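Undergrad: pasted the sequence and its predicted model underneath.
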Amino acid sequence: MHGIVNHPRRITTALAVVLVSAGALATMAGAGQSGAPLRCEISATPEGGMLALEAVAHADKSVSGTYSFHVESVGRTGGTNIEQSGDFHAAPGQSATLGTVTLDAKGGVYDAVLDMSVGGQRVGCTQRVGGAT
């Protein structure tokens, strides 16, 4: 320790390494926490041989905007291509259902994409659902 104190450059370098490391850890910890006022979710619920997909918005504050919910079949499972869109309003602490699609669950695989736009900012999520049932 005494050798470091006698060399101010070493102290500065050591301090810089500690501060940069602490800053990187704080940034990584914050990345998992949502600072965004709006988040999206695509929920998939099996219902008697069918699959219900629901586009959902979650808000930390009152927001209004537009959304697009697109569901398309993947591979050789048919020609499903569904598009829903429109305006929405989401209240804080409450889930807002933006769109719902019911599909055949027997072997079908689907890509679902939800895009939302609020005040010039875009939020989106995707999910692949289905398969052998």
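TA: Thanks, I have the structure now.
Undergrad: use CA for all of it now, contacts and neighbours both
TA: OK.
Undergrad: and Gly79, how many neighbours?
TA: 10 (other C-alpha atoms under 10 Å).
Undergrad: separation between the residue lying closest to it once chain neighbours are set aside and Leu53?
TA: Of all residues not flanking Gly79 in the chain, Ser73 sits nearest, at 6.2 Å (C-alpha to C-alpha, 6 or more residues apart in numbering). Distance of Ser73 to Leu53, given as C-alpha to C-alpha, to the nearest Å: 13 Å.
Undergrad: same question, Phe69
TA: Relative to Leu53, and taking C-alpha to C-alpha, Phe69 is found at 10 Å.
Undergrad: can you tell me what sits against the strand or helix carrying His70?
TA: Assigned by DSSP states H and E, His70 falls within strand 63-73. Residues outside strand 63-73 that contact it (C-alpha atoms under 8 Å, 6 or more residues apart in numbering): 38, 55, 79-91, 98-99, 108-119.
Undergrad: more neighbours: which of Phe69 and Leu53?
TA: Neighbour count, other C-alpha under 10 Å: between Phe69 and Leu53, Phe69 has more, with 25 against 21.
Undergrad: alright, that wraps it up for me.
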